[in-house]
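# my questions are about this predicted structure, shown below with the sequence.
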Amino acid sequence: MLISQEMDSWVVIVPRQLRHDVTQFVSLLRTVAYSMEFRLASPAYRELPDSHIASYMEGIAKALLTCNRRFILAVLPNSEICTGVFRKTD
């Protein structure tokens, strides 16, 4: 028997310029989750002024310090932003 879990506390970290698109995406995500009997509460949003790595680091740190979140979704405008943070090692 499958018992679905509940995501009752999560945060979305998003640059200001992507807020509208991400809000629509989250709404769709919640609709799909509901149809699969997975309760996905409305997230808290942390809006970043820009998409610089330092802004993400600060946003994530604030979310960790001020919220009791079970999940943090950080939305990146493109994959190039990760180049300076995540490097492939052999």
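Sure, I can see it.

# contacting residues for the residue nearest to the spatial centre of the chain?
Nearest residue to the geometric centre of the chain (CA atoms, centre = their mean): Leu73, 1.8 Å. Counting by CB atoms under 8 Å, 6 or more residues apart in numbering, Leu73 touches 10-13, 43. Every C-beta, even on glycine, is put in place using the N, C-alpha and C of the backbone.

# in helices, which of those fall?
Using DSSP state H, no member of the contacts of Leu73 sits in helices.

# which member of those residues is positioned nearest Ala63?
Nearest to Ala63 out of the contacts of Leu73 is Val11 (CB to CB; 4.9 Å).

# show me the beta-bridge partners of the closest one.
Ala44, Ile72 (DSSP bridges).

# helices and strands around the lowest-mean-pLDDT helix or strand in the chain, which ones?
Here the helix or strand of the chain ranked lowest by mean pLDDT, DSSP states H and E is strand 6-7, holding a mean of 83. For strand 6-7, the elements it packs on are strand 39-40, judged by 3 or more CB pairs under 8 Å, 6 or more residues apart in numbering; DSSP states H and E.
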